[in-house]
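Enquirer: prediction below, plus the sequence it came from.
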Amino acid sequence: LRTTTKERPSLELVTDFSFHQEEAKMGFHAPRLGALGVTFTAMRAMQAISLLTIIGLCANFINEITQAGRVPPSELIGALTVTVIAIIYIAITYILYYDNMMPLLITSIFDSLLLIGSIVVAALIGKPLSMLNCAALPSAPDDDLVSFWASVPHPSGGSFFNSALLYSTFVSVDKASCYQIKVVWGFAISLCVLFAFSSLVCVFLWHSTRRVVDDHNNAAAKYKGGIEA
């Protein structure tokens, strides 16, 4: 019975989503591996910037040359191939690293292989550039680059269409191309340093995580032994 002195009972719906929100937030945190983890992330970011720059410049060169009916230099095609493979690789490995699924030793080996590839690219791209003065070269017409590349003659004399363009000729025909290919060379050299460093970081990360696992296993074994005693 209800009386004037009794309060009407009320229902309260308690919805506590704090645990689920905290759990959702934790799912988007990068692995906490200290300074080595931060260094690895920085290396991958700088590698991505360098690779994307090389890909953009080389792809633009190849597009302009092929539109003129010429075959691009093999050095440009090789550089583009290596960098495309590398950008796919670093994207996949960083996703695996973020989810704590990356095999560190295997990644170190592949980074070392990309270091070798970067050295080869830097050597081939930079071979005719070391003594080349870009400021002394003429400027190509901006309004008709297709005709410009089509008119570049063969070193032996005589204009030829639908034929290969020598890399040594390509880098020395105009000022803009010379400066841009030197940018490619510079980023290729930086990739050598970055892949060497990331390879070492992977080895240190593997050693660090292995030590943590060993300490955890030893502590678990001591705890189990204490319980049995």
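Expert: That came through fine. Numbering: from 1, shown residues only.
Enquirer: how about stretch 46-66: buried residues?
Expert: Neighbour-count burial for stretch 46-66 flags 46-48, 50-51, 53-55, 57-58, 61-62, 64-65 (criterion: 16 or more other Cβ atoms under 10 Å). Using the backbone N, CA and C atoms, a C-beta is placed for each residue, glycine as well.
Enquirer: can you list the residues you listed in CSV and add pLDDT?
Expert: Output for the buried residues of stretch 46-66, formatted as CSV (pLDDT from 0 to 100):
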residue, pLDDT
46, 96
47, 96
48, 96
50, 96
51, 97
53, 96
54, 96
55, 96
57, 94
58, 94
61, 89
62, 91
64, 84
65, 84
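Enquirer: just the ones in helices from the residues you listed, please.
Expert: Here DSSP state H is the test, and the buried residues of stretch 46-66 give 46-48, 50-51, 53-55, 57-58, 61-62, 64-65 as lying in helices.
Enquirer: find the pair from the residues you listed with maximum spatial separation.
Expert: By the measure Cβ to Cβ, these have their two most distant members at 46 and 65, which lie 29.0 Å apart.
Enquirer: now do residue 126 against residue 119, distance only.
Expert: Relative to residue 119, residue 126 is positioned 11 Å away (Cβ to Cβ, to the nearest Å).
Enquirer: I meant residue 89, not that one.
Expert: Taking Cβ to Cβ as the measure, residue 89 falls 17 Å from residue 119.
Enquirer: looking at residue 126 and residue 119, which is more packed in?
Expert: More crowded of residue 126 and residue 119, by other Cβ atoms under 10 Å: residue 126, with 19 against 16.
Enquirer: and the residue nearest to the more buried one when sequence neighbours are not counted, what does it touch?
Expert: Nearest residue to residue 126, sequence neighbours excluded (Cβ to Cβ, 6 or more residues apart in numbering): residue 185, at 4.5 Å. Contacts were defined as Cβ atoms under 8 Å, 6 or more residues apart in numbering; by that measure residue 185 touches 122, 125, 126, 129.
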